[in-house]
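> the amino acid sequence is not available; the structure is as follows:
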Ligand code: NAP
Ligand code: HSE
């Protein structure tokens, strides 16, 4: 017999859980009408049951024991929005064992254990929905699994971390200090509990792992992804980039080439007229290139309470429909297979370099020679005097392998006329 009331248990009621609950409350009738069943929030596990919460919740629903949610026989759907890896994994495994569907926003977990958890869910004839784990409110997982499923995906590239995009935007547009912009991103609920996950690039790398796994049907380990964060990007670099016609963004890039997968996350100079340069603050944007569809762009709020809550609620609705109509795991999941990854040394980029050199004749020529010996050609070069003795030099190379660039840099570091290498960033046209 079809269920008329579907019961939900939350693990966590912070930024994302609170947003999801607010949407369930304010759009309750519409949501229930769409799924053809009533939803009831039966239990909510939090760390501190005494905390004041918005939206308000009936205090009798709260518990500080996650087991009360995953072991409750009446609960049909467990929504994991507490974050972290070990406990969240344990809780999801128990939820699946206890015959529940799972919804999660946890990219750290899905990147590292998602394929394993999905196959356990499949055996249980259940499912794990994780739309909120990448791109906040932007539909990405479902389009990759369903709408674009017939394509061979060649490339994904985009901005998939709201916190760092907020920081870089505030530095570029408002001239704010890095620390001030980060504190604002935290206060607005964009940042992870440990914001080093955002600023060191790991949050974007987890998301790239999930997207690339789906796009290229690959079994991807976190070690396969080259990761660099934004903490070394200085306001000075952002200003020089602007002068040269670029914006600085933290990009995640995944591509399937004849020699293997390219998987990297790093701050990148992109031309000011590139659509990604106009993506500001917590907004994310992702290009997906398929062999049949061509290029598709996804854009929207990539972090925050209601945008992410929107994705969580859509997943709750899909799980509720599966329960109501007794649909057994109908999702087209990628058949994940091991894939070769192109080593970073062999990947090709353009580079932006900022350095300080003695203000003496011949420095340009020496730099050009060091690059020339490694067959690195220079596209742009500017020099500004920083004081009587020192010149600041900024240059952009043409395409070069990382290996050749690094060899040229090793020579440049040894030159007596070079005082410091202040910044090395990649450039994408
Ligand atoms: P958050 O605001 O810190 O909320 C975490 C919630 O989990 C809190 O309600 C906390 O309880 C509860 N919790 C933590 N440990 C618990 C435990 N051991 N037992 C029971 N409850 C526990 O975090 P968030 O920003 O909502 O993020 C949640 C998840 O969503 C993370 O996986 C994050 O990566 C992901 N995500 C976040 C965003 C975003 O924009 N923030 C976007 C997409 C995905 P208390 O309230 O009592 O402290
Ligand atoms: N901390 C993440 C971000 C939250 O800033 O993008 C959304 O996943």
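Great, that's in hand. Bear in mind that the values here come from a model prediction, so they are computed numbers and not experimental data. Ligands and ions are numbered 1, 2, ... in the order given.

> how far out from the middle of the chain is the host helix or strand of residue 116?
Using DSSP states H and E, residue 116 maps to helix 107-123. Offset of helix 107-123 from its chain centre (CA atoms, centre = their mean, to the nearest Å): 17 Å.

> what's that helix packed up against?
helix 86-97, strand 128-129, helix 202-216 (3 or more CB pairs under 8 Å, 6 or more residues apart in numbering; DSSP states H and E). (Glycine included, C-beta is placed from N, CA and C.)

> which one of these lies closest to ligand 2?
helix 202-216 (5.1 Å; CB to the nearest ligand atom).

> what about the closest one, average pLDDT?
Taken as a whole, helix 202-216 carries a mean pLDDT of 97.

> need the residues that contact the next helix or strand after that helix.
Following helix 202-216 in sequence order, the next helix or strand is strand 218-219 (DSSP H and E). Strand 218-219 is contacted from outside by 115, 212, 213, 261, 336, 337, 338, 339, using CB atoms under 8 Å, 6 or more residues apart in numbering.

> need the nearest residue in space to the second one, chain neighbours excluded.
In this case it means residue 212. Distance criterion CB to CB, 6 or more residues apart in numbering; nearest residue to residue 212, sequence neighbours excluded, is residue 254 at 4.0 Å.

> likewise the fifth one?
The shortest distance from residue 336 to any non-neighbouring residue, by CB to CB, 6+ apart, is to residue 219 (4.7 Å).

> how near is the one you found to ligand 1?
22 Å (CB to the nearest ligand atom, to the nearest Å).

> please apply the same query to residue 66.
5 Å.

> what is the neighbour count of that residue?
Per other CB atoms under 10 Å, the neighbour tally for residue 66 reads 25.

> need the contact list for the closest residue to it other than its chain neighbours.
Counting by CB to CB, 6+ apart, residue 45 is the residue found nearest to residue 66 once chain neighbours are left out, at 4.4 Å. By CB under 8 Å, 6+ apart, the contact list for residue 45 reads 9, 10, 11, 12, 62, 63, 64, 65, 66, 68, 69, 82.

> let's see it at 10 Å
9-13, 17, 61-70, 78, 80, 82, 91 (CB atoms under 10 Å, 6 or more residues apart in numbering).

> how about the residue of the stretch 201-350 of the chain found nearest ligand 2, phi and psi?
Closest residue of the stretch 201-350 of the chain to ligand 2, CB to the nearest ligand atom: residue 303 (3.6 Å). Dihedral pair for residue 303: phi -160, psi 170, per degrees, to the nearest 10.

> residues near the spatially closest residue to it that is not a sequence neighbour, how many?
Among residues not flanking residue 303 along the chain, residue 162 sits closest, at 3.1 Å (CB to CB, 6+ apart). Look at residue 162: counted by other CB under 10 Å, it has 28 neighbours.

> hmm, back to that, show the pLDDT at the residue nearest to residue 336.
Taking residue 219 on its own, its pLDDT is 95.

> hey, what's it bridged with?
residue 338 (DSSP bridges).

> give me the residue from the stretch 1-150 of the chain nearest ligand 1.
For the stretch 1-150 of the chain, CB to the nearest ligand atom, closest residue to ligand 1: residue 14, 1.9 Å.

> show me the contacts for that residue.
46, 47, 51, 53, 81, 82, 83, 189, 193, 305.

> let me see the contact set for the nearest residue to the fourth one once chain neighbours are set aside.
By the measure of CB to CB, 6+ apart, the closest residue to residue 53 outside its immediate chain neighbours is residue 13, 6.2 Å from it. Residues counted as contacts of residue 13 (CB under 10 Å, 6+ apart) are 19-21, 41, 44-47, 51, 53-55, 57, 61-62, 79, 81-82.

> 8 Å instead, please
21, 44, 46, 53, 57, 62, 81.

> same deal with residue 55?
So residue 55 contacts 18, 21, 22, 25 (CB under 8 Å, 6+ apart).

> let's see the ChimeraX selection covering just the buried ones among the contacts of residue 45.
To isolate the buried members of these in ChimeraX, using 16 or more other CB atoms under 10 Å:
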select :9,10,11,12,13,17,61,62,63,66,68,69,70,78,80,82,91
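
> okay, and which of the contacts of residue 45 map to strands?
9, 10, 11, 62, 63, 78, 80 (DSSP state E).

> so the third one touches residue 91, yeah?
Yes. With contact defined as CB atoms under 8 Å, residue 11 and residue 91 form a contacting pair (5.7 Å).

> so what's in contact with those two at the same time?
66, 69, 70, 78, 80, 82.
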